[in-house]
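Asks: Sequence first, then the predicted structure:
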Amino acid sequence: MGNRTKKRDKTIELRDDQLIFRFPNVHEGAEFRIEFQRTLRIPDDNRAYRLPPGLGEFPLYRVDDYPDNLPDTWEAHGGVFLPMYQTEAMWINFHADYPMAVKIAAGKINAVTGEAWKDELTETPQDYLVVPEQPWLDGFCVEKGLIRQFVAMPLGEGYTAEEQLTGEAEHGGLQIAVYPMQASIYEARQNERMQYLNDIVCMTPPPREMGLAPGGLMRQEIYEDECGFDAWDRSIHSRCFVHILNSVQLVHLTGCEPPGKPLTAQDYTARGLPWFDYYAGDLAALEGAKKLAGLDSVAVTQLKTGKGFLKDNDPVTPAVVKKLSKLMIREGVF
C-alpha cells in the first residue's frame, strides 16, 4: 500500500500544450513548464532583428497516443510531437519559480555550445540555460547577444544544424533535459530573499521528419549561470524528445488540422504591430559558440544548393519596438 502512495522522483506531463516537468522528491515546488510558440520568421539577411511576438502555442501530441505508422525511432524515444510548416519559425517559452538548469538541443546539437548532445550538465563551456533568469530561447547562440532563429526544414537536404555539423540527418526534432536546483540551496536562497519578498505587495510513408535550421539573426542574450554549477542537483534530471512533422503528416497521423500559416515578417510589420527588446542589465551574457556561428543559414544553404532565393525574406524596419523588463510579458497576436 505504501508503494502506491509514494511520490515518484520525477514526472513529465502534457497539459494545455505545455510540457510540465516535476521533481516532487527534490522539492514540492520543483516544477518547470515549457511551451513552443509560433512566431514570425525574421528576414535572413544578416541584419540583427529585435524579438518577434508569439503567435500562439504549437499544439503538442503524445507519441504514445498514435502508435500506428510511427517511425521506430519515435517509439523508442517516446515524448511528444508538434507540426511546423517548412521554413516556419519558433521560439521556446519557459515558466518556473523554482530554479532549473535546462539543456536544449536540435538534432542532438546543443543550441548553446554547438556540441553533441550529452545528458549531464557541463560547466565549461556552460551548455545549459538557467530558468527563470532566461525567460525564452529563440535560436542557436552564435555570438554574444546574437542568436540565429530556429527555422523548421526537412531532414536530408543539408539545412539543419545537425546535418551541417555531423554530416548526418539522423535525429531531427528537439531534445530537452531539465535539472532542478538542490533543495538546500533553494531554501537558503529563499530565506535570503524573504525580507525583500515581504516588501512586494500526419505521417505519409516514407516518413520524413523535420529538424531545426539556423535562420535570421536576432538580438538575444544567453545568460551566464550566476547560481554556480554546484547549485544544481545533478543526481536527478528529466528529459523529453520533441519530434517535428509537417502539416500533411499531422493530418495523416492524428486527423487534426494544423494551425493556419503564420504571418510573414513583412505583413506583421506593415500592420504596425510591435517587436520587442528585452533587457536584464544585471546579468552577464555568454560569448556564443564558434561552431554555431559557422553554420550556413537557411537562405545561404538554399542559394548554395541551387534552389534560389528564400521566399518572404525581404528586409523589414520595425516602426514599433517595445522594451521589456524581467517582470513584463512578451505579448502576441490573438
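Replies: Thanks, I have the structure now.

Asks: Low-confidence bits of the stretch 51-200 of the chain, can you list those?
Replies: Segments of the stretch 51-200 of the chain classed as low confidence (criterion: pLDDT under 70) are 193-200.

Asks: All the helices of it, in order from the start?
Replies: Using DSSP state H, counting those that start in this stretch, the helices of the stretch 51-200 of the chain run over residues 72-77, 161-166, 183-197.

Asks: Ok, which of these comes nearest F150?
Replies: Shortest distance between F150 and these, using Cβ to Cβ, is found for helix 161-166: 9.4 Å. Any C-beta I mention is one placed from the backbone N, CA and C, and that applies to glycine too.

Asks: Go ahead and flag the most central residue of this structure.
Replies: The centroid of the chain falls nearest to I92 when counting by Cα atoms, centre = their mean (3.6 Å).

Asks: State the distance from that residue to A111.
Replies: 9 Å (Cβ to Cβ, to the nearest Å).

Asks: Now do the shared contacts for these two.
Replies: Taking Cβ atoms under 8 Å, 6 or more residues apart in numbering as the contact criterion, the common neighbours of I92 and A111 are 104, 137.

Asks: Output the contacting helices and strands for the helix or strand containing R33.
Replies: Secondary structure from DSSP states H and E places R33 in strand 31-39. Contacting strand 31-39 under the criterion 3 or more Cβ pairs under 8 Å, 6 or more residues apart in numbering; DSSP states H and E are the following elements: strand 18-22, strand 89-95, strand 100-106, strand 174-180.

Asks: Looking at the ones you listed, spot the one closest to Y159.
Replies: Among the helices and strands packed on strand 31-39, the nearest to Y159 by Cβ to Cβ is strand 100-106 (11.5 Å).

Asks: I'd like to know which elements the closest one is packed against.
Replies: The helices and strands touching strand 100-106, judged by 3+ Cβ pairs under 8 Å, 6+ apart, are strand 31-39, strand 129-131, strand 174-180.

Asks: Looking at these, which one is packed in the most?
Replies: Mean neighbour counts were compared across these using mean count of other Cβ atoms under 10 Å; the top stretch is strand 174-180, at a mean of 25.

Asks: Tell me where the stretch 201-334 of the chain has strands.
Replies: In the stretch 201-334 of the chain, strands defined by DSSP state E, counting those that start in this stretch lie at 210-219, 238-245, 275-278, 321-324, listed in chain order.

Asks: and the end-to-end length of stretch 302-317?
Replies: Between the opening and closing residues of stretch 302-317 lies a distance of 24 Å (Cα to Cα, to the nearest Å).

Asks: Relative to I185, which of the strands of the stretch 201-334 of the chain is closest?
Replies: Evaluated with Cβ to Cβ, these place strand 238-245 nearest to I185, the distance being 18.8 Å.

Asks: tilt between that closest one and strand 89-95?
Replies: Between the direction of strand 238-245 and that of strand 89-95, the angle (axes from the mean of the first three to the mean of the last three Cα atoms, to 10 degrees) works out to 160 degrees.

Asks: could you measure T124 against W232, distance?
Replies: When Cβ to Cβ is the yardstick, T124 and W232 sit 14 Å from each other.

Asks: between these two, who's got more neighbours?
Replies: A side-by-side neighbour count of T124 and W232, using other Cβ atoms under 10 Å, places W232 first with 23 against 6.

Asks: pLDDT score assigned to L250?
Replies: The predicted structure scores L250 at 81 on the pLDDT scale.

Asks: Just give me how far the strand holding R33 sits from the chain centre.
Replies: 7 Å (Cα atoms, centre = their mean, to the nearest Å).
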